[in-house]
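A.B. asks: no sequence on this one, just coordinates:
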Ligand SMILES: Cc1cc2nc3c(=O)[nH]c(=O)nc-3n(C[C@H](O)[C@H](O)[C@H](O)COP(=O)(O)O)c2cc1C
Ligand code: SF4
């Protein structure tokens, strides 16, 4: 055999191959495992080596992102005010360095509206200072002195003048002339403080000029900032709040429509937009030659309260969000006041036919019920009695079981009634009383007109509190605007709350609601300040006030605080009516002129409703020389107008009230449950109401009754007929002398012997008399969108 070309013989080659194969077969598993192990090691080695190489390959990208050696966590981030071009709002402005530092450093001021409420001086537990800045403008040099003096006084009341309290959060306020500052420094974003621990609060004292001046430039700047697409629409949201006071001249510009303080109003409006509605106190206005000092003092007093609250709580307090745009805040519910009986658009729940049981105890059994209520105590484990509230569904089979001794609350917190009423804006006080701000109160606060009671009786709507000590009623009137949510019943079957609790509760909740109007556009500082003193109580909100067993004690509390009272009852509780002590004016609702019509309209729960009604009229007649009595007629087309003037005249002849108020039912466009199926077609036109009143007056004269048409309030479709007892020297005197009323009560006692003539007031103002429309000339009438309209 020849060796191959490499000198290895074939036999040796075969032997080697054989040997290798043998070896493989014998050790292949360890070989494979070792190879895998080595490969893994190699891979790990390569992986770690590659990482290092990568860093070297792209050093710049990393350098920009995290030069860890450069980060100093203790370094304070710059204060950044976010603007429109910040993508996703708050966090994107600034470098990554700032972002990382922010996580560990102090809070940054952001451009969005504070989530903590309307203004906040606490940043994550950190105490912050408040810097008040007082901006002013001037042409004829009066305002600088006014602004200076104002600021000094403010500083001393806040305790931040030079010698002020050391622990005050307020820094000494600064006065700034708009003509001398750079607007960009204050009105694009708030100024940054060096310490970063200061928030600012803006005040403005702004005279108005109908010629070109610094105010125009300033207003343009505000407007442009708001419209600048590069800037957040509310870039001044980080300020704690703002308020404006206007100076004007009533001689040249007597009313706001004629331009009184028009530029202050504009500043107020634009600041609302730029600050995200942080109006901390309503716009104040005054004429330095007349009421300016008084108005400014009033404004300062109110502001001081707000600022002190800010210092203590870190927030401006609850408030209705308002904005500079009147459209946004005109979403008030319609017509929820005692005088505004409303037809709602129909969304009919099933009409019910039966009547509530007549076997319930009558309301006259109140004494016994009260004893039960006292005995009720904590024993809540008695067998469950049926809920003593008829949720307006007549015909519920409640008759037998209700005799159970357990007395429940009329409107328990957990009940659907409570939820429904609070949703509608009522505050429930105790377990059966309620209070709500009526839309006229809001309207008067904004200088947009008072209710007809201002025109007829001189009551300021913004000083009126509408409440009731009994949310329950014994009628289910077709035009009732209570959305079918109030409890009804012929008897008082519930726990009785003490009058003091109700009195304190309704006042507290009323003021709370007034305070919430502080930030609403158009609210006037002067009226706001006045509204913090209730002068009148309309006991008519919902339910039947004389249903409440302690109504006389409740009235005495009102009168002791010189709050006048108008009480409206439904002529279904003659015994309570007979026991009623003096009220300033006593109303009985007269919703129909005959039995059938009354049944159809009031849908009374009492079977003997007509007899009760007649007895109430008799009581009123007897009382006419002791109480100022009023018939209130609510006209509903298709129900109680047609051919009823004669019938009403008969009722007037029976009751001989001092006054007859005639009012057209009002339309409310919302869709709620109304069993009656009333529509807009049931709302009489004002002219139809006028025609009816003329016919009624004629029918009264025909009977020899001396009544005449005394006053009107066309805005609320309401006309007043008065007995000629109130016609003095050819002039109607429908107004009330409230001071005299309280004096008489003090002199003669709560049940004293005095007559309505004894507290008859001055002559009815000319503008309110029949034929003159009756709109308060001090105010501006507006349509639903807040646009001015001609008063009629
Ligand atoms: C030229 C001029 C125009 C005015 N225009 C108005 C006006 O349109 N509405 C208004 O209420 N007051 C107007 N006023 C009254 C001023 O606003 C008011 O007197 C104010 O207190 C002046 O402040 P000052 O002295 O700081 O300029 C005007 C006054 C001047 C001198
Ligand atoms: S009297 Fe009071 S509650 Fe009634 S409508 Fe006028 S302001 Fe409203």
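C.D. replies: Yep, it's here. Note that the structure is predicted; figures quoted are calculated from it, not measured. Ligands and ions are numbered 1, 2, ... in the order given.

A.B. asks: Identify each buried residue in the helix or strand hosting residue 222, please.
C.D. replies: Using DSSP states H and E, residue 222 falls within helix 214-227. For helix 214-227, the buried set under the neighbour-count rule, 16 or more other Cβ atoms under 10 Å, comprises 215, 218-219, 221-222, 225-226. Yep, even glycine has a C-beta here, placed from its N, CA and C like the rest.

A.B. asks: who touches the nearest residue to residue 292 once chain neighbours are set aside in this structure?
C.D. replies: Excluding the flanking residues, the one nearest residue 292 by Cβ to Cβ, 6 or more residues apart in numbering is residue 286, at 3.7 Å. Shown in contact with residue 286 (Cβ atoms under 8 Å, 6 or more residues apart in numbering): 245-248, 292-296.

A.B. asks: just to revisit the earlier point, helices or strands next to the helix holding residue 222 in the packing?
C.D. replies: helix 183-187, helix 262-274 (3 or more Cβ pairs under 8 Å, 6 or more residues apart in numbering; DSSP states H and E).

A.B. asks: now those helices in CSV, with distance to residue 22, mean neighbour count and mean pLDDT?
C.D. replies: Output for these, formatted as CSV (distance: least, Cβ to Cβ, whole Å; neighbours: other Cβ atoms under 10 Å; pLDDT from 0 to 100):
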stretch, distance to residue 22, mean neighbour count, mean pLDDT
helix 183-187, 92, 16, 94
helix 262-274, 93, 23, 95
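
A.B. asks: Of all the ones you listed, which one comes closest to ligand 1?
C.D. replies: helix 262-274 (5.9 Å; Cβ to the nearest ligand atom).

A.B. asks: That closest one vs helix 214-227, what angle?
C.D. replies: 20 degrees (axes from the mean of the first three to the mean of the last three Cα atoms, to 10 degrees).

A.B. asks: which other residues reach helix 262-274?
C.D. replies: So helix 262-274 is contacted by 187, 202, 204, 206-210, 215, 218-219, 222-223, 225-226, 233-236, 242, 244-248, 253, 256, 278-279, 283, 285, 322-325, 521 (Cβ under 8 Å, 6+ apart).

A.B. asks: and the next helix or strand after the helix holding residue 222, how far from the chain's centre?
C.D. replies: Once the chain leaves helix 214-227, the next helix or strand it forms, by DSSP H and E, is strand 241-248. In terms of Cα atoms, centre = their mean, to the nearest Å, the centre of strand 241-248 is set 22 Å apart from its chain centre.

A.B. asks: So for strand 241-248, mean pLDDT?
C.D. replies: The pLDDT scores in strand 241-248 average 97.

A.B. asks: Kindly report the same for stretch 619-631.
C.D. replies: 96.

A.B. asks: end-to-end on it?
C.D. replies: 13 Å (Cα to Cα, to the nearest Å).

A.B. asks: domain parsing for the protein?
C.D. replies: Using automatic domain parsing, the domain ranges for the chain come out as 66-110, 122-317, 342-348+390-768.

A.B. asks: Could you check the second one against ligand 1 for contacts?
C.D. replies: So the one you mean is domain 122-317. Yes - remark: domain 122-317 sits within contact range of ligand 1 at 138-143, 207-211, 247-249, 253, 259-262, 288, by Cβ under 6 Å from any ligand atom.

A.B. asks: Just the closest residue of the chain to ligand 1, please.
C.D. replies: Nearest residue of the chain to ligand 1: residue 248, at 2.4 Å (Cβ to the nearest ligand atom).

A.B. asks: what bridges to that residue?
C.D. replies: Residue 248 has these beta-bridge partners by DSSP bridges: residue 287.

A.B. asks: Tell me the buried residues in stretch 723-737?
C.D. replies: 723, 725-727, 732-737.

A.B. asks: filter these by proximity to ligand 2?
C.D. replies: Answer for these near ligand 2: none qualify (Cβ under 6 Å from any ligand atom).

A.B. asks: Nearest to residue 433 among these?
C.D. replies: Proximity of the buried residues of stretch 723-737 to residue 433 (Cβ to Cβ) peaks at residue 736, which lies at 25.2 Å.

A.B. asks: show me the contacts for that closest one.
C.D. replies: 457-458, 564, 584-585, 628, 759-761.

A.B. asks: Now, those that are in strands?
C.D. replies: In this view, the contacts of residue 736 that belong to strands under DSSP state E are 564, 585.

A.B. asks: Thanks a lot, see you next time.
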